[in-house]
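K.L.:
Structure, please.
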Amino acid sequence: MAGYNALPLELLAEEFAKLPGIGLKTAQRLAYFMISRPEEEVQAFADAMIAAKRDIHYCPCCQNLTDQDLCAICSDPDRDPATICVVEGPKDVSALERTGEYRGVYHVLHGLISPIDGVTPDKLRIRELLGRIRSGDVKEVIMATNPTVEGDATAMYLAQLLEPLGIRVSRLAFGLPVGGTLEYADEVTLYKALENRTAM
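P.N.:
Model prediction:
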């Protein structure tokens, strides 16, 4: 970062640059924008970040993010707990919920198996998923990991783990592009992918 700016401004821009998808120029624009705002707006922004970090935790059932004892989906009596949709992260839950078609529950892995990146199965929320299945009346597990090498490897690993339990394991039908992500798919594509899921 160039040294002609005031040090606090440079430090602020450096913090913004740590965010995913934010380059140095965008980070500088954000820093300039923040210092141009009234102090109470900046304080509200800072308070919102701190409150989110302090109050949000993993749902003890599905591992999604929540600020309640149980997330809104797990505590909804109209959801079908016999069908669990397994996703990589919380953003995927939001993407699938936008379809308005899925009425089961979710399980968030918080990552995908990727030995190259040092992500092994024990670093994901797989143990919690197996615990849910063994203690409940689960009939189907839908693998909704992204159609990438890591997503496919994770889905296959989980399918092999679940096979002895006698539960139907299906995979989203991919009208989703290979290498794409759920977060950026439109609602119609996601709905069709859910509707046309196939057994593994």
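K.L.:
At which residues are the helices of this protein located?
P.N.:
7-17, 24-36, 39-55, 90-97, 126-135, 149-162, 187-195 (DSSP state H).
K.L.:
how about those in a markdown table, adding distance to residue 181 and mean pLDDT?
P.N.:
Heads up, the C-betas are built off the backbone N, CA and C, glycines and all. Converted to a markdown table, the helices of the chain look like this (distance: least, Cβ to Cβ, whole Å; pLDDT from 0 to 100):
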| stretch | distance to residue 181 | mean pLDDT |
| --- | --- | --- |
| helix 7-17 | 23 | 93 |
| helix 24-36 | 21 | 95 |
| helix 39-55 | 23 | 96 |
| helix 90-97 | 8 | 95 |
| helix 126-135 | 21 | 92 |
| helix 149-162 | 9 | 93 |
| helix 187-195 | 11 | 76 |
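K.L.:
out of the ones you listed, nearest to residue 179?
P.N.:
Across the helices of the chain, residue 179 has its closest neighbour in helix 149-162 (9.1 Å, Cβ to Cβ).
K.L.:
so which of the helices of the chain comes closest to residue 78?
P.N.:
Comparing the helices of the chain by Cβ to Cβ, helix 90-97 comes nearest, at 13.5 Å.
K.L.:
what packs against the closest one?
P.N.:
strand 80-87, strand 104-108, helix 187-195 (3 or more Cβ pairs under 8 Å, 6 or more residues apart in numbering; DSSP states H and E).
K.L.:
now do 7 Å
P.N.:
Applying 3 or more Cβ pairs under 7 Å, 6 or more residues apart in numbering; DSSP states H and E, we find helix 90-97 packed against strand 104-108.
K.L.:
right, so of the helices of the chain, which gets closest to residue 107?
P.N.:
helix 126-135 (4.8 Å).
K.L.:
between the closest one and strand 104-108, how many degrees?
P.N.:
Helix 126-135 and strand 104-108 are oriented at 150 degrees to each other (axes from the mean of the first three to the mean of the last three Cα atoms, to 10 degrees).
K.L.:
what does helix 126-135 contact?
P.N.:
Under the criterion Cβ atoms under 7 Å, 6 or more residues apart in numbering, residues 61, 63, 84, 86, 107, 109, 138, 158, 161, 165, 167 lie in contact with helix 126-135.
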